[in-house]
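Enquirer: Sequence first, then the predicted structure:
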Amino acid sequence: MNWQDWMDTGLRWRSQNQAPAPRRVMLVDDSVSADQAFRWACEGTAMLWTGDFQNARQLLQAMARRLDRPARAKRNLLTPEPGLLFHRHRQEQARRARVLSQLLIPLNADYSVPLRRAPDARQACTQAWGEPDGALSRVSLREWQGLIGAYEWRKNGVRVPALHALREQQARRALDDNDIHPHYGVFSPVRGEYVDLVAQAPLPAKSLAFDIGVGTGVLSAVLALRGVQQVIGTDQDVRALDCARDNLQRLGLAEQVQVCQADLFPPGQAALVVCNPPWLPARAVAAIEHAVYDEDSRMLRGFLHGLPAHLTPAGEGWLVLSDFAEHLGLRTRAQLLDWIKDAGLVVLQRHDIRPRHAKATQGDDALAMARAAEVTSLWRLGLAFKAALPSPTCP
C-alpha cells in the first residue's frame, strides 16, 4: 500500500470528544523510537501509524510512561492547597490527553484498521459512530481504544447489587440479565454507593417520580422496582436516552418508566424528583466527562432553582451529591446550603455513605487526601412554602 497516496485522498477526522483535527500529520512506522515520537507529540505533530498495530499500542504505552515520570516526581513539590492541586491535576490530565492523542491510526471505509495484527473492531465503531459512510478516516489510537473499552462495558454489562437485591425483594420475574449496559459516551454506574442511597431512602409517595439526568436509567429502574407506579426520566443527551430505553426494556420496566428529552425537568409536578448531578464544578474536556464536571455548577443550581415548581406540596426532591468538591475547595457547604435556601427549599433529612471505589483508599495521585475524605449524600429537600400545583404531563 502506498500510504502517501492513501493519505492524499483526504482522510476524515473522527473524534467523539470534539478534539480539533491535527494541523500537522506525518507518516510513521515501526522504525520510529519512543523518544522521537514523544518529542513530536509534545510539539503538536500528529503521527499516522502505518506499521504493525501491536507496536503502535506499545509505543503509546511508552509515551504514557514518559508523561507519568515527571508528574510523579513533582507530586511532593506541589502546594498542599486543595484547589490549586485540583487545577494542576486537571492541567496534567489535559496535557496527557493532548500528547497521547497525537498517535493516529487509519480506518478503511468499513471501519476496519488496515494494519498488520489489528483487531476487528468494526462493530464497536458502528455502535459509537453509526453505520459506515464510505469514507476513509483517521482517529486517535487512544480514543479508539476507549471506544473498544466502552463496547466491552456495553456488551458485558455492569452488575449493580441494589438492582439485584430489589428484584429479589419484590419477587420480580427472574431475568437472564439484570445488569446495566452503558452505551458509548454514557457514564457507567460503577460507583454503586449513590444507587444504594436511592434504593434505601424512605419514599415520600409511590405515585410519580422524575429522574433528572437519567443516564443509563439505573436510578429510574431502582425507583420502579421500589414500587413507584410511574417514573419519567429526562436527559439532554440522545445517547443517554437511547441507553436508558435499552436498559429499561431489558429489565422489563419500560411500561413503568417514560424517557423524555429535556433540559432538566419535564412538564408538571411529581411527589418525588431525583437528581444525581455532576459533582465537580469545572469544565469538561471530553464528552464522557459531562457526567463528572459541571462548569459553574450549572446543573446543580438549575435543579435547585427549578425544583419548587415541579414538586407537589408534600413532595420531596432528592439531591444525590458527593462532597468531593468541598474537600477540593471548589464549593463550600455554606454555598450549597445558601442555594437550597434561596430556592425556597428546606433540608428534611440527609443520608450519607462512604465511597467504596479503589481510589478512595488506595489512590496515590495528587487528590488522594480529598478522595479519602469524600462522602456521598442524599439530601431530602422539601418546599419551604407549600401551594397546590397542577398535575404532570410528559410530551
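Expert: All right, it came through fine.
Enquirer: Only C-alpha atoms from now on, for both contacts and neighbour counts.
Expert: Will do.
Enquirer: for the longest strand along the chain, packing partners?
Expert: The single longest strand within the chain, with elements called by DSSP state E, is strand 311-322. Applying 3 or more C-alpha pairs under 8 Å, 6 or more residues apart in numbering; DSSP states H and E, we find strand 311-322 packed against strand 270-275, strand 376-383.
Enquirer: Need the CA coordinates for the helix or strand just after it. CSV is fine.
Expert: Downstream of strand 311-322, the first helix or strand assigned by DSSP states H and E is helix 324-327. The C-alpha trace of helix 324-327 is given here as CSV (Å, rounded to 0.1, in the frame of the first residue of the first chain):
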residue,chain,number,x,y,z
PHE,A,324,-15.6,15.9,46.8
ALA,A,325,-15.8,19.5,45.5
GLU,A,326,-15.9,20.8,49.1
HIS,A,327,-12.7,18.9,50.0
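Enquirer: what about helix 324-327, average pLDDT?
Expert: Helix 324-327 shows a mean pLDDT of 91 in the predicted model.
Enquirer: Pull the distance from stretch 311-328 to the chain's centre.
Expert: Chain-centre distance of stretch 311-328: 19 Å, with C-alpha atoms, centre = their mean, to the nearest Å.
Enquirer: Can you pull out the residues in contact with the host helix or strand of Ala97?
Expert: Using DSSP H and E, Ala97 sits in helix 82-100. By C-alpha atoms under 8 Å, 6 or more residues apart in numbering, the residues outside helix 82-100 that reach it are 38, 41-42, 44, 60, 63-64, 67, 71, 78-79, 142, 285, 327-330, 366-367, 370.
Enquirer: Could you list the low-confidence segments of the stretch 1-150 of the chain?
Expert: Applying pLDDT under 70 to the stretch 1-150 of the chain flags residues 1, 8, 70-80.
Enquirer: show me where it has helices.
Expert: For the stretch 1-150 of the chain, applying DSSP state H, counting those that start in this stretch gives helices covering 3-8, 34-42, 53-75, 82-100, 122-129, 141-156.
Enquirer: can you state the direction angle for the longest one and helix 141-156?
Expert: Relative orientation of helix 53-75 versus helix 141-156 (axes from the mean of the first three to the mean of the last three C-alpha atoms, to 10 degrees): 100 degrees.
Enquirer: List the buried residues of helix 53-75.
Expert: For helix 53-75, burial by neighbour count (16 or more other C-alpha atoms under 10 Å) applies to Phe53, Ala56, Leu59, Leu60, Ala62, Met63, Ala64, Leu67.
Enquirer: Closest one to Val32 out of those, please.
Expert: Val32 has its nearest neighbour among the buried residues of helix 53-75 in Leu59, at 9.1 Å by C-alpha to C-alpha.
Enquirer: excluding its backbone neighbours, what's nearest the closest one?
Expert: Leaving aside its chain neighbours, Leu59 sits nearest to Ala34 (6.0 Å; criterion: C-alpha to C-alpha, 6 or more residues apart in numbering).
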